[in-house]
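A.B. asks: One predicted model, sequence on top.
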Amino acid sequence: MRGLRVLSRSAGERPAARIDVTNFIDIVLILLIFLIATSTFVTESAVSVDRPRSDRAEDAADSYVTVAITGSGSVHCGGREVSPEALPEEVSRVLRDRGATRVVVLSDREAPVGLTLHVMDLCRDGGAARVDLAAQRGGSQ
């Protein structure tokens with residue numbers, strides 16, 4: 001008999017169990033790629049800011065640049081402290097580098113309101129199409 005293969009084993013010997021994990025690995029890699037592709041990476045400010053609370057706060061869905069104002073009145077953009085005079089140029093540079101058009105201002109609740117509004121105006125001068133003020137969700141304090 002040609003082409004016939006016979007596998008022989010002795011009595012009482014069990015065939016070796018083999019588990020093929022190729023399909024499992026494929027599914028895990030596809031899920032990992034999906035997770036990475038759909039994740040939103042949020043860059044928070046390196047400065048500690050005690051944001052005010054609001055019941056109507058919403059999550060930011062698109063890419064944005066963060067400008068932080070501390071309780072002492074210092075302004076931070078792109079991870080470093082900048083003077084209000086240099087803020088429009090810094091915002092313009094960071095917007096261009098990140099390909100964003102939106103600025104979110106993280107203002108400490110102790111920061112002067114006039115400074116917060118001035119910083120928001122300076123962000124518009126720097127080329128931001130939209131400037132939002134960040135708040136924590138929940139309660140009105």
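C.D. replies: Cool, got the structure.

A.B. asks: the strands in the chain, which residues?
C.D. replies: If DSSP state E is used as the criterion, the strands of the chain fall at 53-54, 65-69, 75-77, 80-82, 102-107, 130-133, 136-137.

A.B. asks: highest average neighbour count across those strands?
C.D. replies: Ranked by mean neighbour count under mean count of other CB atoms under 10 Å, the strands of the chain are led by strand 65-69, which reaches a mean of 25. Bear in mind the C-beta positions are built from the backbone N, C-alpha and C, glycine included.

A.B. asks: which helices and strands does that one pack with?
C.D. replies: Helices and strands touching strand 65-69, as assessed by 3 or more CB pairs under 8 Å, 6 or more residues apart in numbering; DSSP states H and E, comprise strand 75-77, helix 87-98, strand 102-107, helix 113-125.

A.B. asks: Save the strands of the chain as TSV, and put in mean pLDDT and distance to residue 19 too.
C.D. replies: Conversion of the strands of the chain to TSV gives the following (pLDDT from 0 to 100; distance: least, CB to CB, whole Å):
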stretch	mean pLDDT	distance to residue 19
strand 53-54	60	53
strand 65-69	89	48
strand 75-77	91	54
strand 80-82	89	53
strand 102-107	89	50
strand 130-133	88	52
strand 136-137	72	47
